[in-house]
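Visitor: predicted model, plus sequence, below.
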Amino acid sequence: MGKKDRRIVITPPTHPMFISLYILGAILIVLFAFHFPVYIAMASYLDYALVLGIVSAVLIISSPLLSFVNIIFKTIGTGMTENVMEMEYVDFFGVPIPIPRISYREAKMKIAVNLGGAITPLVISIILFTLMANSPFSNVFFKAVIVSFIVTTIVTYFLARPISGVGIAIPAFIPPLVSATVSIVLAGIGPAAATSAYISGSMGSLLGADILHIAREPERIFAPMISIGGAGVFDGVFLTGIIAFVLAL
């Protein structure tokens, strides 16, 4: 197996029991994807706003498929040892006899970033932020997105649970509800609230649930691989997008 293969891991973003709901959500995203970013782009002063809106729409549509892809960028030691059983074979008159050997080594944990649950929402958030920053709603948008981002980050940090051997999990409905509520209270229903809900919900989930926990307490997770924006957190980012679409209607 080559180095490139070891850096890319394909895993499902949710439990097989919820694949049908996941597919339904993906269909909803496809149906509304072009409406949401184009709606935001139409409120922007930028000459190339529509192009940015279309680009972000394509990324949104692609996010469910891209969420299966995890890119490993770091391997860290956990300070814990694990037993590893290896089989050696001794030739006895032409017959290979298996001899089990047990060795001890430090357990490693791979840190990955999910393509559809982290990188794609980050790029989309940058595009939407640029569009809304150059619009008549910029002042109310700045206030809403900053406050909503801080609140969502704090709430998701305290509600997220590092699960040993699994990763980090958080109730999927919390980030979108928190970000949407704060955004509506500060900006009212419209393009500013929709954009604020998406950015603060997705980025707040990633920072509060994944990044801060991985940085502060990796030993509590102790999973072979943890993915920023992957399973357990992608659901929250996913629902955040859907609720933002609803706000934009």
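Guide: Structure's in. What do you need?
Visitor: doesn't residue 109 lie inside a helix?
Guide: No - under the criterion used here (DSSP: H, G, I helix; E, B strand; the rest coil), residue 109 is strand, not part of a helix.
Visitor: so what's the residue count around it?
Guide: 19 (other CB atoms under 10 Å). The C-beta positions use only the backbone N, C-alpha and C, and glycine is treated the same way.
Visitor: before we move on, what about residue 8?
Guide: Residue 8, neighbours per other CB under 10 Å, totals 12.
Visitor: same deal with residue 189?
Guide: For residue 189, using other CB under 10 Å, the count is 14.
Visitor: again, but for residue 64
Guide: Neighbours of residue 64 using other CB under 10 Å come to 22.
Visitor: ok, it touching residue 116?
Guide: Yes - judged on CB atoms under 8 Å, residue 64 makes contact with residue 116 at a distance of 6.5 Å.
Visitor: who does the longest strand along the chain pair up with?
Guide: Ranked by residue count, the top strand of the chain under DSSP state E comes out as strand 69-92. Partners of strand 69-92 in the sheet, by DSSP bridges, are strand 8-10 (antiparallel), strand 95-114 (antiparallel).
Visitor: can you lay out those as CSV showing mean pLDDT and distance to residue 240?
Guide: As requested, those are exported to CSV (pLDDT from 0 to 100; distance: least, CB to CB, whole Å):
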stretch, mean pLDDT, distance to residue 240
strand 8-10, 83, 24
strand 95-114, 80, 15
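Visitor: using JSON lines, lay out the ones you listed together with distance to residue 211.
Guide: JSON lines is the format used below for those (distance: least, CB to CB, whole Å):
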{"stretch": "strand 8-10", "distance to residue 211": "19"}
{"stretch": "strand 95-114", "distance to residue 211": "10"}
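Visitor: and the ones you listed: which comes nearest residue 45?
Guide: strand 95-114 (32.9 Å; CB to CB).
Visitor: any idea how far that closest one is from the middle of the chain?
Guide: Computed by CA atoms, centre = their mean, to the nearest Å, the chain-centroid distance of strand 95-114 equals 29 Å.
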